[in-house]
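> Take this sequence and fold it.
(one chain, ligands or ions: 1)
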Amino acid sequence: MDSRPSPQGVVAGSIPLFAGHPAHELLPIAAVREIVDSIWAQADRTRLFNYGDEQGNRQLIDFLAARLQRSENLAVCRENVMIIGGSTWGVDMITHHLAEPGDTILVDAPSYRDALHIFRDAKLDVESIAIGAGGVAVDEMERRLRDLASRGRLPKFYYVVPNFQNPTGITLSRERRQAIVDLSKAYGFAIVEDDVYRDIRFVDDLPPSFYASSRGENVLRLGTFSKTLAPGLRIGWLIGSAETVERFVSSGMLRMGGGANPFTAAIVADYCSSGRWEEHVVWLRNQYKYRRDCALAALDAAMPHSAQWTRPDGGYFIWLRLPENVTVDELEGLAKAENVYFASGKGFFVHPEEGAHHLRLSFSYVPLEDLKSGIAILGRVVQTARRQRKASRARRK
Ligand SMILES: Cc1ncc(COP(=O)(O)O)c(C=O)c1O
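Numbering: from 1, shown residues only. Predicted structure coming up:
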């Protein structure tokens, strides 16, 4: 059972299979401490206690631009990158720059819950399109776009988590990405690519990003150190056209805000420039892959055949479809009584009832033993829920 300090609503002593952040033992605390000590020893350290460049830490921007060129052969230069206080911060900033209350946007069904909150806060009209094994249904997207065009309600942007999506773990196929880029050009909407799981991949290759496929045109791509370093540092990055980056950098918040988190950005910049981040990412992939394998083996052993789940090639999450006659609401109560918590599918949909038979399991956070026993308990409570359903149906007959 988990008795560690409890972030984000984790109940002490429970098995929080909903928690979508790194396990404590996967945080490079000692290495970050060394970086902080070395920064502390520098004569000019007081600069870090002041505002920084609006675009963000220069060393980190140059590191990221060089990495994108090296690993993805992307023509990205300093003007295309800015440092932000995490990807969610970026989604919020983009939303407020690209859309106004009442505007339409497109998202996947299901989609990242906290982004849906941001879109709701901004009072946007959110159109959701179902996803399957290869990602969003492009035919349906096209049909929806034609309909929206006929009503003069074309979307301002499409928000997507292209790799190992939160909550399903699904990766959008290469063909669909290209088809969506074509649709974005034909119908004039931007693509907001929230690519926070790209580096947690268990396969060698990924389809080219939207940013690569469209050569940076009308695409904003987000990345973060939350998944591969530490979420508490609150540092991420945005890639876009030089004009868009300039527009964001000149926005009121950054002008006076003095750039995103200069102190922690300096720590992250040194950590990355020393080569340690790349090494850590390689190590992490193996750790998470092992966790994914344990979770899948536990599901295979515990779940009835009528349940279905995704087998992600990366990221943090598995998406489970419950047997037809079991709802996530009844399962939540039964699992809670056993001290096991998961993320109900309902929170990931614009129309919550679409998630009534789904749940998200995270293999990133809980200790391995809890991951296995938590899934075993879930399997048992699914069986209990099925039996209860059958018994109540028999009584009604
Ligand atoms: C799709 C997606 N975007 C953004 C985030 C959060 O990133 P950050 O900590 O950089 O705000 C998460 C984390 O759960 C996520 O799954």
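> Tell me, please, where in the stretch 201-350 of the chain the pLDDT is lower than the cut-off.
252-257 (pLDDT under 70).
> and residue 3, what pLDDT?
pLDDT recorded at residue 3 is 51.
> near the ligand, which residues of the chain?
20, 86-88, 112, 161, 166, 194, 196, 224, 226, 231, 236 (CB under 6 Å from any ligand atom). C-beta: built from backbone N, CA, C; applies to glycine.
> how many other residues sit next to the nearest residue to residue 353 once chain neighbours are set aside?
Nearest non-adjacent residue to residue 353, counting by CB to CB, 6 or more residues apart in numbering: residue 346, 7.2 Å away. Neighbour count of residue 346, defined by other CB atoms under 10 Å: 21.
> show me the contacts for residue 346.
328, 352, 353, 354, 355, 356, 358 (CB atoms under 8 Å, 6 or more residues apart in numbering).
> can you give me the strands in this structure?
For the chain, strands defined by DSSP state E occupy the ranges 15-16, 81-84, 104-109, 125-132, 135-136, 157-160, 190-194, 219-224, 236-239, 308-309, 317-321, 340-341, 343-344, 358-362.
> From the contact counts, what lies against the third one?
By that I understand strand 104-109. helix 113-121, strand 125-132, helix 138-150, strand 157-160 (3 or more CB pairs under 8 Å, 6 or more residues apart in numbering; DSSP states H and E).
> Check the fourth one too.
In this structure, strand 125-132 packs against strand 104-109, helix 113-121, helix 138-150, with contacts taken as 3+ CB pairs under 8 Å, 6+ apart.
> repeat that for 7 Å
When contacts are defined as 3 or more CB pairs under 7 Å, 6 or more residues apart in numbering; DSSP states H and E, strand 125-132 packs onto strand 104-109, helix 138-150.
> quick revisit: switch the residues of the chain next to the ligand over to TSV; also include distance to residue 373.
Formatted as TSV, these follow (distance: CB to CB, whole Å):
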residue	distance to residue 373
20	20
86	32
87	32
88	31
112	28
161	29
166	24
194	32
196	28
224	30
226	27
231	25
236	34
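> Out of these, which comes closest to residue 366?
For these, the residue nearest residue 366 by CB to CB is residue 20; the value is 11.3 Å.
> coming back round to it: wait, which of the strands of the chain is closest to residue 259?
Short answer: strand 81-84, nearest of the strands of the chain by CB to CB, at 6.6 Å.
> Great, nothing more from me.
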